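My questions concern the predicted model and sequence given below.
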Amino acid sequence: MTRCCEPQSQTAEAYARKRQQEFIAFLDQLEREIAEHIRTIHLVCDNSRTHHGKEVRRWLANHPRFLVHFTPVHCSWMNQVEQWFSILQRKRLRIADFASKEHLQAKIDQFISEWNQQAHPFNWSTKSVAKVMAGAPALAA
């Protein structure tokens, strides 16, 4: 979420399961934490069924300031959050030796806290797009 002249806010939460009810709990958290004067909250989601279910659609219908954008199917390379998860994996999860789920969660929370201190948008350039396309298999004529 970004708003002109306000600091960028990033919220993270981890759940043991990935269902509509956990996603709605996260949306409820955002609803509580984001100031009421912010009228539009943009959510960028993947195409998981969790984000499209009847319960989620009902919740979103009752909370019109939430505007959901879905990434294109089969285009994870376009999804900027995939880049962020790649960095998380390389910086904190490369050696997957955690004593417990709580220890894993603490490492992820620490990374998020450190990231947010120097957060920056990922910038695409024509060179990065050309590099991705060059690695893509050619379409049969």
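Thanks, I have the structure now. Numbering: from 1, shown residues only.

Least confident secondary structure element in the protein?
Each helix and strand of the chain was given a mean pLDDT (mean pLDDT, DSSP states H and E); the minimum falls on helix 126-135 at a mean of 64.

okay, which residue is most central for the chain?
Using Cα atoms, centre = their mean, the residue of the chain that lies closest to the mean C-alpha position is residue 81, 5.2 Å off.

now what about the helix or strand it falls within, what contacts it?
Assessed by DSSP states H and E, residue 81 sits inside helix 80-92. Helix 80-92 is contacted by residues 44, 76, 107, 108, 110, 111, 115, 121, 122 when judged by Cβ atoms under 8 Å, 6 or more residues apart in numbering. From N, CA and C alone the C-beta is placed, and that goes for glycine too.

ok, residue 50 to residue 91 distance?
26 Å (Cβ to Cβ, to the nearest Å).

repeat for residue 21
Taken as Cβ to Cβ, the span from residue 21 to residue 91 is 31 Å.

between the longest helix along the chain and helix 80-92, how many degrees?
Taking DSSP state H as the criterion, the chain has its longest helix at helix 101-117. Interaxial angle, helix 101-117 versus helix 80-92 (axes from the mean of the first three to the mean of the last three Cα atoms, to 10 degrees): 120 degrees.

Thanks again, I'm all set now.
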